[in-house]
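Chemist: 3D model of this:
(one chain, ligands or ions: 1)
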Amino acid sequence: AGDGDRHGGDVGGIERDAGLLFGLLGGALWSYPTTKLLAGEAWRRGPRNLAAFMGEALVPARGWLETTYSSDTVRALWAPWVLHAGLGPEDAFSGQIAKVIAFALEAAGAPVVKGGAKNLLAAFEALIKERGGEIRVDADVASIVQSGGRATGVRLASGETLSAAKGVICSVTPTQLYGRLLGKDAPEAATKATQAYRYGKGNFQIHYALDKPPAWRGGGLDKVALLHLTPGLDGVSKACNEAVRGLLPEVPTICVGQPHALDPSRCPEGKAILWLQLPEAPRHIKGDAAGKLNAPADGRWTGALREAYADRVEAILANHIDGFRETVIARRAYSPADLEAMNINLVGGDPYGGSSTIDQSFLWRPFKASRNHETGVKGLYHIGASTHPGAGLGGGSGFLLAGRL
Ligand SMILES: Cc1cc2nc3c(=O)[nH]c(=O)nc-3n(C[C@H](O)[C@H](O)[C@H](O)COP(=O)(O)OP(=O)(O)OC[C@H]3O[C@@H](n4cnc5c(N)ncnc54)[C@H](O)[C@@H]3O)c2cc1C
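Modeler: Residues are numbered from 1 along each chain as shown. This is a model prediction of the structure:
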């Protein structure tokens with residue numbers, strides 16, 4: 001069998017294990033249904049085979065790719081996808097998540113929202129209003145109000161208090177929930193666990209408006225909604241490791257989104273837009289892996305460093321697209337610090353609400369002793385990317401909690 005057949009086997013395997021896999025990836029873990037699911041699988045497969053499945057699931061992407069595929073190109077095709085799960089190719093479980101993504105891409109593609117992601121928000125806003133809900137923006141919650149050992153509302157930074165009929169649900173990081181919103185009233189165990197909670201790599205974004213569609217040197221790339229520019233598996237590994245060590249990667253993996261390839265309404269006819277994501281950016285800068293840019297003394301991103309780093313990315317892009325620079329109408333870059341300034345949930349520019357390594361996922365997200373979105377305070381619940389099932393736009397944690405409540 002060649003790489004293609006083996007790929008079919010891998011994706012088919014995900015399909016065969018879908019019930020168990022997606023039950024664990026998306027279900028409420030500390031629960032009767034999950035216990036029942038595992039017991040049923042142990043009965044059906046035999047306990048040893050179930051344990052073997054768990055072991056397989058822990059294989060890092062490098063292990064999977066190197067033992068399965070002989071082609072470096074196929075390895076390069078899948079390695080960057082682990083970044084979208086907040087992992088690196090040597091992290092445990094990254095092989096499994098790459099296979100799940102491969103399966104999802106075949107089953108559903110990489111859909112984008114027609115007219116822009118803001119339309120997704122508008123749709124939810126309409127649903128909430130239709131059900132009598134109210135949405136307040138520019139309303140910074142400064143603390144959670146408790147009485148009689150129960151969360152009874154929130155206090156805004158403006159001083160206004162909002163009371164809750166039943167409970168308070170927070171989609172924030174543990175750092176904010178226990179450090180700021182509960183502060184000295186936080187349960188001691190949670191305060192301690194928060195100190196051990198780790199954030200992942202920072203994220204860097206670049207948006208381009210182009211005068212015409214990019215003339216990719218690789219044929220057919222103009223039709224791909226999301227592609228990756230990478231030297232390959234080792235390149236992803238190197239850039240990841242550099243970012244983790246606080247260095248600006250020498251050759252970052254560039255995720256290139258081309259929303260107009262799927263949705264022409266995104267830009268005027270004949271023009272194009274590019275959405276670039278660089279998932280390997282240092283939160284705190286210690287140096288430059290290329291030895292060219294100076295790290296600021298305080299380790300923080302500056303506007304000048306952001307633009308200089310965006311130039312590095314642009315130079316790579318220009319190697320793949322004929323006459324790229326001449327087609328640029330505008331470029332706008334966001335450093336990890338800019339992202340955090342826009343959204344307090346993106347600590348250090350981590351787009352995933354905390355490192356998603358296996359020790360901080362599943363039953364152990366956010367904390368080792370966490371139970372299904374409970375906080376240790378009655379009537380107060382924790383959802384969002386920092387909680388199971390982790391980051392992403394699927395709204396999984398809120399859905400699970402809603403089911404429980
Ligand atoms: C650049 C980027 C690209 C991404 N791309 C994808 C993608 O393609 N697909 C995908 O599935 N995921 C993607 N993600 C990840 C995804 O966006 C997040 O995992 C998801 O939005 C997390 O949802 P959440 O509800 O936990 O937090 P958020 O979406 O951050 O929502 C929390 C909201 O609460 C507000 N808030 C926080 N604290 C307070 C407070 N004290 N008072 C009032 N308001 C407060 C925040 O401002 C924010 O608006 C991306 C993330 C980033 C940053």
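Chemist: If we ignore the residues flanking it in sequence, what's nearest whichever residue of the stretch 151-300 of the chain sits closest to the ligand?
Modeler: Distances between the stretch 151-300 of the chain and the ligand by CB to the nearest ligand atom are smallest at residue 171, namely 3.9 Å. For every residue, glycine as well, the C-beta is placed using N, CA and C. Nearest non-adjacent residue to residue 171, counting by CB to CB, 6 or more residues apart in numbering: residue 384, 3.6 Å away.
Chemist: tell me the contacts of the residue of the stretch 151-300 of the chain closest to the ligand?
Modeler: Contacts for residue 171 (CB atoms under 8 Å, 6 or more residues apart in numbering) come out as 345, 383, 384, 397, 398.
Chemist: Hmm, residue 174 and the third one touching each other?
Modeler: No. Contact between residue 384 and residue 174 fails when scored by CB atoms under 8 Å: they sit 9.7 Å apart.
Chemist: what packs against the longest helix seen in the chain?
Modeler: When the chain is parsed with DSSP state H, its longest helix is helix 303-320. Counting contacts by 3 or more CB pairs under 8 Å, 6 or more residues apart in numbering; DSSP states H and E, helix 303-320 packs against strand 202-210, strand 226-229, strand 254-257, strand 272-281, helix 324-327, strand 328-334.
Chemist: let's see 7 Å
Modeler: Contacts defined by 3 or more CB pairs under 7 Å, 6 or more residues apart in numbering; DSSP states H and E place helix 303-320 against strand 202-210, strand 254-257, helix 324-327, strand 328-334.
Chemist: Distance from the chain centre to the helix or strand following that helix, please.
Modeler: Elements were assigned by DSSP states H and E; along the chain past helix 303-320, the next helix or strand is strand 321-322. Taking CA atoms, centre = their mean, to the nearest Å, the mean C-alpha location of strand 321-322 is offset from the chain mean by 29 Å.
Chemist: same thing with stretch 249-263?
Modeler: With CA atoms, centre = their mean as the basis, stretch 249-263 stands 15 Å off its chain's centre.
Chemist: Between the two ends of that stretch, what distance do you get?
Modeler: Distance between the boundary residues of stretch 249-263 (CA to CA, to the nearest Å) amounts to 32 Å.
Chemist: buried set for it?
Modeler: Buried residues in stretch 249-263, counted by 16 or more other CB atoms under 10 Å: 249, 251-263.
Chemist: Residue 88: which of the residues you listed is nearest?
Modeler: Set against residue 88, the nearest of the buried residues of stretch 249-263 by CB to CB is residue 253 (10.4 Å).
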